[in-house]
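S.K.: Here is the input, now give the coordinates:
(one chain, ligands or ions: 1)
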Amino acid sequence: MQESILVIIIHIKMEEEMDLSSLNSIAQSMVAPNKGILAADESTPTIGKRFATIDTESTESSRQTYRNMLFTAPSISDYISGVILFDETIRQTTNDGVPFAEYLTSLGIVPGIKVDKGAKDLPMHPGETVTEGLDGLRERLEEYYSLGARFAKWRAVIGIGDNQPSMACIDVNAHALARYSALCQEAKMVPIVEPEILMDGNHSIETCFDVTTKVLDHVFKVLEDQKVALNGIILKPNMVISGTDASDRADVATVATATVKCLSENVPDEVPGIAFLSGGQTSEEATAHLSAMNEMGPHPWQLSFSYGRALQAQPLNAWAGADENLKSGQDAFLKRSRLNSLARTGNYNPQMEEAD
Ligand code: 13P
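M.R.: Got it, this is the predicted structure:
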């Protein structure tokens, strides 16, 4: 009895500390100092591919086990401010039967939800995609809010290639991001605006800079046209970086300088935070780049992380689908989260990778 009163008091205190009363205060909680967002919203086919790499069957039960391992890692809330969930996951519970969204909220972590329905072929534009999912979105947001989500995510995918991206691809994706963002804000949820420029290809960092500039410039124009409140969004961009197959890839300092320059020129100061995707960088690269950028601060916005693979690759491998490895998986996740937390203030050093 006494224990349950204590739990209720702790919950109330956490929610007070988080202040989720306005879009801006939710956004501020999502990019709280020294913390970042865990993107754990892989769709069922995507998590299936991740599990295949560790020879683990993807079932509703194995997905719950894995995500329970991450979310219930002790002291997660020291480093993680928000978690992006998938539709299946927001309906699942911890091993103790507490809905994941409720459990995270009780720790002072804001639960969010992926709401796009994926990137689909763009007609008349071979090799390019448009992200779908606007039909029925208002109703879906209402349900997700009732399940505890206070922010959402929509990922637009833009590739670099011969004569790509086309203006049509940039325009349809920006339009969908803005339509989604306005619907989120109407539903009192903060939209994560994610226009991802893929690393695939042999393009130079200069090409990535030019394409990222063009896309961000257009996205902000369309967001403003559609009256999206910029102090109630989080931008989730790619870093400005060489293509994966480029012959001479830019180093950490060059990536950090180019990314900060591109963002300074294109992201209005009212945006509370920028939380990068990792996009196929190694875990170590993603942390080093973020740290170098924060070392260059202060910046008008928080510069944070919203990593999927760069936070999960190591815990996934440490777990390897075996119950006896759950603690090793949590340890690997906490270590990665702690190093990214240090990167939020520019205090990461690659030698820390060797320590426990
Ligand atoms: P990655 O960090 O693996 O790119 O994933 C982030 C994400 O949420 C993509 O939408």
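
S.K.: so where's the stretch 1-150 of the chain uncertain?
M.R.: Residue ranges of the stretch 1-150 of the chain with pLDDT under 70: 1-17.

S.K.: Show me which residues of it are close to the ligand?
M.R.: Neighbours of the ligand within the stretch 1-150 of the chain, by C-beta under 6 Å from any ligand atom: A39. C-beta here means a position set from N, CA and C on the backbone, and glycine is covered the same way.

S.K.: Over to the closest residue in space to G201 that isn't next to it in sequence: give its phi and psi.
M.R.: The shortest distance from G201 to any non-neighbouring residue, by C-beta to C-beta, 6 or more residues apart in numbering, is to G243 (4.1 Å). Dihedral angles of G243 (phi, psi; degrees, to the nearest 10) stand at phi -60, psi 150.

S.K.: distance of G243 from R249?
M.R.: According to C-beta to C-beta, to the nearest Å, G243 stands 8 Å off from R249.

S.K.: who has more neighbours, the two?
M.R.: Higher neighbour count among G243 and R249: G243, with 19 against 16, using other C-beta atoms under 10 Å.

S.K.: just the strands in the stretch 1-150 of the chain please.
M.R.: 36-39, 80-85, 110-114, 119-121, 129-131 (DSSP state E, counting those that start in this stretch).

S.K.: Please read the previous query as pertaining to the stretch 151-300 of the chain.
M.R.: Under DSSP E, counting those that start in this stretch, the stretch 151-300 of the chain gives strands at 151-158, 190-197, 234-235, 273-276.

S.K.: State the number of residues packed around the residue nearest to Q281 when sequence neighbours are not counted.
M.R.: Distance criterion C-beta to C-beta, 6+ apart; nearest residue to Q281, sequence neighbours excluded, is A310 at 6.2 Å. Residues near A310, counting by other C-beta under 10 Å, number 26.

S.K.: now do the one 3 residues further on
M.R.: Residues contacting A313 under the criterion other C-beta under 10 Å number 19.

S.K.: can you confirm it is in a helix?
M.R.: Yes: counting by DSSP: H, G, I helix; E, B strand; the rest coil, A313 is part of a helix.

S.K.: is it true that it touches E284?
M.R.: No: contact criterion C-beta atoms under 8 Å: A313 and E284 do not qualify, at 10.2 Å.

S.K.: I figured E186 hits Y145, correct?
M.R.: No: taking C-beta under 8 Å as the definition, E186 is not a contact partner of Y145, at 10.8 Å.

S.K.: which of the two has more neighbours?
M.R.: Legend: neighbour count by other C-beta under 10 Å for E186 and Y145, higher for Y145 (16 against 11).

S.K.: residues in contact with the more buried one?
M.R.: Residues near Y145 by C-beta atoms under 8 Å, 6 or more residues apart in numbering: A187, K188, M189.

S.K.: So which of those wins on neighbours?
M.R.: The residue in the contacts of Y145 with the most neighbours, by other C-beta under 10 Å, is M189 (24 neighbours).

S.K.: Now do the contacts for that residue.
M.R.: Contact partners of M189, counting by C-beta under 8 Å, 6+ apart, are L23, I26, L141, Y144, Y145, A149, R150, F151, A152.

S.K.: What segments of this structure are helices?
M.R.: All helices of the chain, identified by DSSP state H, fall at 2-18, 23-30, 44-52, 60-71, 87-90, 100-106, 137-146, 167-186, 205-225, 252-266, 283-295, 309-319, 326-343.

S.K.: ok, the closest residue to the ligand within the stretch 1-150 of the chain to N95 distance?
M.R.: When scored by C-beta to the nearest ligand atom, the stretch 1-150 of the chain has A39 as its residue closest to the ligand, at 3.3 Å. A39 is 22 Å from N95, where distance means C-beta to C-beta.

S.K.: So these two - more neighbours on which side?
M.R.: It is A39, of A39 and N95, that has more neighbours when counted by other C-beta under 10 Å, with 28 against 10.

S.K.: what sits opposite the more buried one in the beta ladder?
M.R.: I84 (DSSP bridges).

S.K.: Report the contact partners of R91.
M.R.: R91 neighbours (C-beta under 8 Å, 6+ apart): P99, L147.

S.K.: Backbone dihedrals for the residue in the chain that the ligand sits nearest to, please?
M.R.: Nearest residue of the chain to the ligand: G308, at 2.8 Å (C-beta to the nearest ligand atom). The phi/psi pair for G308 (degrees, to the nearest 10) reads phi -100, psi -80.

S.K.: No further queries at this time; thank you.
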